[in-house]
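A.B. asks: here are the coordinates; sequence isn't available:
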């Protein structure tokens with residue numbers, strides 16, 4: 001926890017820097033979470049911290065993981081973007097995803113690297129309108145394998161909302177206040 005900017009508590013939770021132990025406990029909860037199964041108390045703890053400080057910690061953790069060579073045993077440092085990251089982190093992650101397919105291809109020609117496919121899954125779990133927009137962009141302007149993964153991510157979001165893919169994409173079209 002000492003390597004990262006301290007988390008800040010929301011005003012209702014004290015509005016001061018979070019105690020070191022609180023940050024440590026949050027990191028422990030993140031380290032045992034997966035994209036499909038976050039630690040049970042994780043989502044209950046997050047509202048105690050400011051979104052800005054969570055987002056800053058989130059991208060710092062991701063960058064530390066990336067710079068360390070993306071160790072698979074520490075994949076939680078990538079997955080946590082789905083729980084702590086905001087719109088800015090979704091945009092930054094999408095930039096990495098766009099750059100990675102050529103650099104992280106597996107030994108099979110045309111295959112998409114693990115970091116890229118995991119990034120798509122992280123954006124899908126984020127599920128925000130910005131994450132949906134980034135996935136939609138990746139589904140239209142990428143290599144075929146990446147397009148297919150991005151489209152699958154969009155279908156996952158649509159399914160979780162009880163929508164079809166077309167309905168989800170229709171929500172992205174601005175109505176300029178003419179929907180009334």
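C.D. replies: That came through fine. None of these values were measured; they are calculated from a predicted model.
A.B. asks: buried ones in stretch 72-82?
C.D. replies: For stretch 72-82, burial by neighbour count (16 or more other Cβ atoms under 10 Å) applies to 75, 76, 77, 78, 79, 80, 81, 82. Quick note: C-beta positions are derived from backbone N, CA and C, even for glycine.
A.B. asks: is it true that the fourth one lies in a helix?
C.D. replies: Yes. For residue 78, which was evaluated using DSSP: H, G, I helix; E, B strand; the rest coil, the result is membership in a helix.
A.B. asks: Relative to residue 115, how far out is it?
C.D. replies: Relative to residue 115, residue 78 is positioned 8 Å away (Cβ to Cβ, to the nearest Å).
A.B. asks: what's the distance between the closest residue to residue 43 other than its chain neighbours and residue 164?
C.D. replies: Nearest residue to residue 43, sequence neighbours excluded (Cβ to Cβ, 6 or more residues apart in numbering): residue 83, at 7.5 Å. To residue 164, residue 83 is 27 Å away according to Cβ to Cβ.
A.B. asks: do residue 100 as well
C.D. replies: Counting by Cβ to Cβ, the gap from residue 100 to residue 164 is 29 Å.
A.B. asks: between these two, who's got more neighbours?
C.D. replies: Using other Cβ atoms under 10 Å as the criterion, residue 100 and residue 164 rank with residue 100 on top: 20 against 12.
A.B. asks: What's the local residue count around the residue lying closest to that one once chain neighbours are set aside?
C.D. replies: Closest residue in space to residue 100, ignoring its immediate chain neighbours: residue 116 at 4.5 Å, by Cβ to Cβ, 6+ apart. By the criterion of other Cβ under 10 Å, residue 116 has 28 neighbours.
A.B. asks: in the helix or strand containing residue 116, what's buried?
C.D. replies: Element membership of residue 116 [criterion: DSSP states H and E] is helix 114-126. Within helix 114-126, the residues scored as buried using 16+ other Cβ under 10 Å are 115, 116, 117, 118, 119, 120, 121, 122, 123, 124, 125, 126.
A.B. asks: in the protein, what secondary structure element scores lowest on mean pLDDT?
C.D. replies: helix 87-103 (a mean of 83; mean pLDDT, DSSP states H and E).
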